[in-house]
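> Below are the sequence and a predicted model for it; my questions follow.
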Amino acid sequence: MSERSFISRGAASLHVAYDGPPKDYYFLLLPRLTLLAFTSAIEPLRIANQVSGKALYRWFLMTEDGDPVTCSCGVHITPDSGLVDVSRNAAAFVCGGTEPAGTASPRIVNWIARQDAHGCAVGGICTGAFALARAGVIRDRVFTLHWENQPSFTEIFPRLEPTGHLFEADRGLITCGGGSAATDMMLGLIERDHGKELALIVADMCLHARSGAQGVAQRSAYSAALGSRNPHLIAAIRMMQESIETPRDILSITEDIGISRRQLERLFKQHTGVSPIEFYIDIRIARAHALLNDTELSIAEIAAATGFSGTSQLAARFRKRYGKPPGAYRRSWSEVGR
């Protein structure tokens, strides 16, 4: 690993009564990782060192072969090394991003399993949980990943159920949903290691409003966009999201939440501009879109997983939303990647 100083200069300072060895974090960068999630994890460590004036943390970057890796945004990152085994006192994070189902090679999967077997804490950032699951390290431990990729994850790993929380830490497994959730995760680890005061000043230095402790939910793509706190509307959307493969009748939804169909129609028109049926179909089409991007499922399998009677029905709805049928959409991405 490269030799460098892990303490940068800055005006803010805080006395931290710790004189032990630094905690080492290793970040395995997968192809097309999300840059925001990665930097949101690493910057709190740098700032903790800066404000304390001590090397509380060290961080090292790895790729499978030691060559530079390209992020989803096109930025290239040069690592410190290829894969190396880490000590039991360190932690190793897998940094994922787009196309998570196909970016972890067998060699990477074996490396993750070996670190876990040796007692090293392992973690996943953004979609890193895909690689962790392939390595068999999640088992019965609580974990999470970005909400956008959870539908495809559960299709590939039906026995593993991620939470919708910003981050999770359970018996040596540390995961987060990516984006600024990585900052919340690292602030939690900093608070665990060196107290709340340091975590607070690091958050302030990041200009980051802490979302709270472990267990805080990732913002729902729907409830956040709607900006509504109407319990009936939120309950209806939740029921729709939980019944994708076998869609429910709108009338049964209204009966469960205790309002009339006319009232539900009015709520959806007011807050979304579409009817409940249209909104429900849009949720299912969005799920099909995610499965097309993140899995190798056939179009027929995707149709079945999203509650459509066949590929033709899915294709008609998909074309209306995305301008082309599912097969053509998938081929267009294949051509871009050549």
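Received it, and whenever you're ready, just let me know what you need. The structure displayed is predicted, hence computed values, not measured ones.
> Can you pull the poorly scored residue ranges out of the chain?
1-3, 210-217, 219-229, 333-338 (pLDDT under 70).
> At which residues are the helices of it located?
Counting by DSSP state H, the segments of the chain that form helices are 35-52, 106-117, 129-134, 150-156, 181-194, 196-205, 221-226, 231-242, 250-257, 261-271, 276-294, 299-305, 311-322, 326-336.
> Using CSV, lay out those together with mean neighbour count and distance to residue 166.
Where you see a C-beta, it was placed from the backbone N, CA and C, and this is true even at glycine. Formatted as CSV, the entries for these read as follows, by neighbours: other C-beta atoms under 10 Å; distance: least, C-beta to C-beta, whole Å:
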stretch, mean neighbour count, distance to residue 166
helix 35-52, 22, 11
helix 106-117, 17, 22
helix 129-134, 26, 14
helix 150-156, 20, 13
helix 181-194, 23, 4
helix 196-205, 18, 14
helix 221-226, 15, 13
helix 231-242, 17, 18
helix 250-257, 15, 27
helix 261-271, 15, 25
helix 276-294, 20, 20
helix 299-305, 19, 27
helix 311-322, 16, 29
helix 326-336, 13, 29
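> Now distance to residue 20 too, for the ones you listed, in TSV please.
Supplementary listing: the helices of the chain in TSV, determined by distance: least, C-beta to C-beta, whole Å:
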stretch	distance to residue 20
helix 35-52	12
helix 106-117	22
helix 129-134	29
helix 150-156	37
helix 181-194	10
helix 196-205	15
helix 221-226	41
helix 231-242	46
helix 250-257	54
helix 261-271	53
helix 276-294	42
helix 299-305	50
helix 311-322	54
helix 326-336	49
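> Of all these, which one is nearest residue 74?
Each of those was checked against residue 74 via C-beta to C-beta, and the shortest separation belongs to helix 35-52, namely 9.2 Å.
> Which neighbouring elements make contact with that closest one?
Counting contacts by 3 or more C-beta pairs under 8 Å, 6 or more residues apart in numbering; DSSP states H and E, helix 35-52 is packed against strand 23-29, strand 57-62, strand 91-95, strand 121-125, helix 181-194, helix 196-205.
> export those to TSV and tack on distance to residue 290?
Output for the helices and strands packed on helix 35-52, formatted as TSV (distance: least, C-beta to C-beta, whole Å):
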stretch	distance to residue 290
strand 23-29	23
strand 57-62	28
strand 91-95	20
strand 121-125	18
helix 181-194	19
helix 196-205	32
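> Quick one: closest of those to residue 262.
The minimum distance between residue 262 and the helices and strands packed on helix 35-52 falls on helix 181-194, with 39.1 Å, by C-beta to C-beta.
> hang on, the earlier thing: nearest to residue 297, of the helices and strands packed on helix 35-52?
For residue 297, the closest of the helices and strands packed on helix 35-52 is strand 121-125, at 22.0 Å, according to C-beta to C-beta.
> What strands line up against the closest one, and which way round?
Applying DSSP bridges to the sheet, strand 121-125 is found paired with strand 91-95 (parallel), strand 173-176 (parallel).
> Would you format the ones you listed as TSV with mean neighbour count included?
Shown next, in TSV, are the strands paired with strand 121-125 (neighbours: other C-beta atoms under 10 Å):
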stretch	mean neighbour count
strand 91-95	27
strand 173-176	27
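> closest to residue 64 out of these?
Nearest to residue 64 among those is strand 91-95 (11.2 Å), distances taken as C-beta to C-beta.
> Need the residues that contact the closest one.
Strand 91-95 is contacted from outside by 23-30, 33-34, 37-38, 41, 86, 104, 108, 112, 115, 120-126, 128, 131-132, 174, using C-beta atoms under 8 Å, 6 or more residues apart in numbering.
> ok, now stretch 287-306?
Outside stretch 287-306, the residues within contact range by C-beta under 8 Å, 6+ apart are 98-101, 148-149, 151-153, 155-156, 244-245, 284-285, 308-311, 313-315, 318, 321-322, 326-327, 329-330, 333.
> what's the span of that stretch, first residue to last?
Counting by C-alpha to C-alpha, to the nearest Å, the length from the leading to the trailing residue of stretch 287-306 is 7 Å.
> what's the spacing between that stretch and its chain's center?
19 Å (C-alpha atoms, centre = their mean, to the nearest Å).
> Spatially central residue in this structure, please.
Ranked by distance to the mean C-alpha position of the chain (C-alpha atoms, centre = their mean), the top residue is residue 146 at 2.3 Å.
> list the contacts for that one?
126, 127, 177, 178, 179, 218.
> Could you rerun that using 6 Å?
With contacts taken as C-beta atoms under 6 Å, 6 or more residues apart in numbering, residue 146 has the following neighbours: 126, 127, 177, 178.
> could those go into a markdown table alongside distance to residue 278 and neighbour count?
Formatted as a markdown table, these follow (distance: C-beta to C-beta, whole Å; neighbours: other C-beta atoms under 10 Å):
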| residue | distance to residue 278 | neighbour count |
| --- | --- | --- |
| 126 | 31 | 32 |
| 127 | 30 | 33 |
| 177 | 28 | 32 |
| 178 | 30 | 32 |
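> Pull the most distant pair out of those residues.
Across the contacts of residue 146, no pair lies farther apart than 127 and 177, at 9.3 Å, counting by C-beta to C-beta.
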